[in-house]
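Chemist: everything below, folded, please.
(one chain, ligands or ions: 1)
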Amino acid sequence: MSANSTLRAHYPWTKTPLVASAPMLNIATAPLSISVSEAGGLGFLAGGYDVSGLESKLEQAVQLIKQSTFRTRQVYASTGILPIGVGFLNWGADLTKSIAAIEKYRPCAVLFFGPNSIPDDLPWAEQVRAVTHGKTKIWVQVGTVAEAVAVAEALDPDVLVVQGSDAGGHGLARSASIITLVPEVKDALARRNVKAGIPLLAAGGIVDGRGMAASLALGASGAVMGTRFLASSEAAIASGYQAEVPRASDGGISTVRSTVYDRVRGILSWPARYDGRGIINRSYIDAVNGGMSDEENRALYQEELKKGDAGWGPNARLTTYAGTGVGLVDKKLPAAEVVANVIQEAKDTLQGLRI
Ligand SMILES: Cc1cc2nc3c(=O)[nH]c(=O)nc-3n(C[C@H](O)[C@H](O)[C@H](O)COP(=O)(O)O)c2cc1C
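Modeler: Coordinates of the predicted model:
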């Protein structure tokens, strides 16, 4: 079976090419993920590293699906499989609680990201498969060729999400862009004859149909998009944060990869190989150009929180994770429009190529 046929067989409501929305921590809640799936994409709910609220988020998703007028409702009614995925940050998420939630709610996919080391998430893959009889598919987000090969060999994943350095939020500090990473991953798997036909989804810098078309040309079957969905109507995001995405342009200089944005929030448990890409603000400038201590920066961050929406902006301090694609996002849109636009524009772009 081709990678596209595999995706259509596993997620029958989805359109080609596949648009998946990223499980953005605190932002990708049930309304966003359900809207993306209803539009023919695959929405991921953020499970994150603290899964104590996961069951109530999944319960909300079930209620939304039951009221839905889209095909996703029939899929759920006839299969009992939730037409959304759940993303986990494996360095912190509790395995037992997560498995209990997956067994009860049966999402169509889980997305693993950020294990302390690669084989760490093997028990996750085994237990998810065991409690859902293989119905919940295993997606793993990787950021290097070596990670892709190691995951393919150890976990027998169903999908690899190949995350490049343009991605918003966390990713590997040492990383390549998808332009080299996707084809090199594909070649490496083919050479080793391990999971050679596995669907690859590109992640990092894709915010429109042109990026999607490029991803397909590189060998991916679709894309996982985060930054574009920050500026969607359904994102659970502060207005001050959301307004920064269409404001910022020229993402290579308006965003930066750094650990500062976690340090000022006191989030210190990410494995050392990760940092995060966010829009440059005072926290970063004071730390990197001004040599401000983490202690002082954290205290100022706490003060900034009291300002609410005014706490976000280039001269403010609150963390604004977003990718280099910010310059291509000019307005907030309903998630369904994002999905439809990306698919249509990708098709038009590919048809318009005359070489
Ligand atoms: C604000 C934000 C939060 C994110 N949180 C998560 C997360 O909790 N889990 C995860 O697997 N990926 C997370 N990501 C990364 C995405 O999975 C994905 O790799 C990235 O958004 C793709 O790049 P793009 O932002 O350029 O579309 C996050 C991304 C952003 C922008």
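
Chemist: residues near residue 335, how many?
Modeler: 26 (other CB atoms under 10 Å). Bear in mind the C-beta positions are built from the backbone N, C-alpha and C, glycine included.

Chemist: right, and it touches residue 21 too?
Modeler: Yes: taking CB atoms under 8 Å as the definition, residue 335 is a contact partner of residue 21 at 6.9 Å.

Chemist: between the two, which contacts overlap?
Modeler: Shared contacts of residue 335 and residue 21 (CB atoms under 8 Å, 6 or more residues apart in numbering): 32, 36, 43, 229.

Chemist: just the residues you listed: which are in helices?
Modeler: 32, 36, 229 (DSSP state H).

Chemist: so which of those residues is the closest to the ligand?
Modeler: Of all those, residue 229 has the smallest distance to the ligand: 7.8 Å, by CB to the nearest ligand atom.

Chemist: so residue 244 lies in a helix, does it not?
Modeler: Yes: judged by DSSP: H, G, I helix; E, B strand; the rest coil, residue 244 forms part of a helix.

Chemist: would you check that it makes contact with residue 312?
Modeler: Yes: contact criterion CB under 8 Å: residue 244 and residue 312 qualify, at 5.5 Å.

Chemist: residues of the chain that sit close to the ligand?
Modeler: For the chain, the residues in contact with the ligand (CB under 6 Å from any ligand atom) are 22-25, 27, 46, 48, 87, 89, 111, 113, 141, 163, 166-169, 203-206, 224-227, 321-323, 325.

Chemist: quick one: buried ones out of these?
Modeler: Among the residues of the chain next to the ligand, those classed as buried by 16 or more other CB atoms under 10 Å are 22-25, 27, 46, 48, 87, 89, 111, 113, 141, 163, 166-169, 203-206, 224-227, 321-323, 325.

Chemist: quick one: low-confidence residue ranges for the stretch 1-150 of the chain.
Modeler: For the stretch 1-150 of the chain, not a single residue meets the criterion pLDDT under 70.

Chemist: what ranges do the helices span in it?
Modeler: Ranges of helices in the stretch 1-150 of the chain, per DSSP state H, counting those that start in this stretch, are 3-10, 30-38, 54-67, 71-79, 95-105, 122-132, 145-155.

Chemist: deepest in the core, which of those helices is it.
Modeler: Stretch with highest mean neighbour count among the helices of the stretch 1-150 of the chain: helix 30-38 (a mean of 27; mean count of other CB atoms under 10 Å).

Chemist: what residues does that one touch?
Modeler: 13-14, 19-21, 23, 42-45, 57-58, 60-61, 64-65, 68, 70-72, 83-85, 229, 232, 234-236, 334-336, 339.

Chemist: pull out the buried positions in the helix or strand hosting residue 183.
Modeler: When elements are defined using DSSP states H and E, residue 183 is found to belong to helix 178-192. Residues of helix 178-192 classed as buried under the neighbour-count rule (16+ other CB under 10 Å) are 178, 179, 181, 182, 183, 184, 185, 186, 188, 189.

Chemist: not counting its neighbours along the chain, what's nearest the residue of the stretch 201-350 of the chain found nearest the ligand?
Modeler: As assessed by CB to the nearest ligand atom, the ligand sits closest to residue 226 within the stretch 201-350 of the chain, at 2.1 Å. For residue 226, ignoring the flanking residues on the chain, the nearest one in space by CB to CB, 6 or more residues apart in numbering is residue 22 at 3.6 Å.

Chemist: domains of this protein?
Modeler: Domain ranges of the chain: 3-237+330-352, 240-325, per automatic domain parsing.

Chemist: enumerate every residue touching residue 268.
Modeler: Contacts of residue 268 by CB under 8 Å, 6+ apart are residue 262.

Chemist: do the one 3 residues further on as well
Modeler: When contacts are counted by CB under 8 Å, 6+ apart, residue 271 touches 91, 114, 115, 116, 117.

Chemist: check the secondary structure at it for me.
Modeler: Applying three-state DSSP: residue 271 is coil.

Chemist: over to it: give its phi and psi.
Modeler: phi -50, psi 150 (degrees, to the nearest 10).
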